[in-house]
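>>> show me how the following folds:
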Amino acid sequence: MITGGTGSLGTALTKKLLSLNVKSVRIFSRDENKQIQMEEKFNDDRLRFFIGDVRDKDRLRRAVENVDIVIHAAALKHVPTAEYNPFEVVKTNIFGSQNVIDVSLDEEIELCLAISTDKAVSPLNLYGATKLSMEKLFISANRFKGKRKTKFSCVRYGNVLG
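Down below sits the predicted model:
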């Protein structure tokens with residue numbers, strides 16, 4: 001499952017995963033219109049779409065049932081918007097990420113991979129600070145998971161052309 005699956009990175013990941021002969025890919029996002037466009041673009045029976053927000057732990061829990069891998073790409077990422085709406089960015093990028101961690105542990109997901117950003121390195125803005133916080137939450141989840149099998153990992157995704 002990919003949170004934020006209708007974004008640019010989620011769409012690219014979906015294209016790659018479908019080329020690897022995966023059994024199914026779940027797309028979890030808030031944008032109904034983008035889900036419809038994505039469904040038409042790929043036209044693949046292995047895709048399943050869930051309307052939801054990482055802020056909603058109950059909906060997230062339902063979406064990850066019987067999932068092996070969660071790729072957490074959901075975020076509010078536009079720097080000027082983040083500076084103007086700081087509470088919303090914290091709720092999505094930090095609290096939403098904690099929800100992903102909690103649900104992944106509860107549902108015993110095998111791998112939970114967080115997508116971060118180069119802006120998390122010595123952050124100068126709120127967006128970078130929230131992504132750095134997300135990274136720290138994900139890495140520390142490996143220490144407090146107890147005997148659960150879930151592995152948590154992060155990758156930093158820099159600005160890419162095309």
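
>>> before we move on, what SS does residue 21 have?
coil (DSSP: H, G, I helix; E, B strand; the rest coil).

>>> residues contacting the residue nearest in space to the middle of the chain?
Residue closest to the mean C-alpha point of the chain, counted by C-alpha atoms, centre = their mean, is residue 72 at 1.9 Å. Residue 72 makes contact with 3-4, 54, 97, 100, 112-115, 138, according to C-beta atoms under 8 Å, 6 or more residues apart in numbering. Bear in mind the C-beta positions are built from the backbone N, C-alpha and C, glycine included.

>>> go again with 7 Å.
Residues near residue 72 by C-beta atoms under 7 Å, 6 or more residues apart in numbering: 3, 97, 100, 112-115.

>>> ok so residue 13 is a strand residue?
No: assessed with three-state DSSP, residue 13 is helix; it does not lie in a strand.

>>> now the buried members of the contacts of residue 72.
Buried members of these, counted by 16 or more other C-beta atoms under 10 Å: 3, 97, 100, 112-115.

>>> now these in CSV, with distance to residue 30?
Below are the buried ones among the contacts of residue 72 laid out as CSV (distance: C-beta to C-beta, whole Å):
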residue, distance to residue 30
3, 10
97, 15
100, 14
112, 20
113, 20
114, 18
115, 17
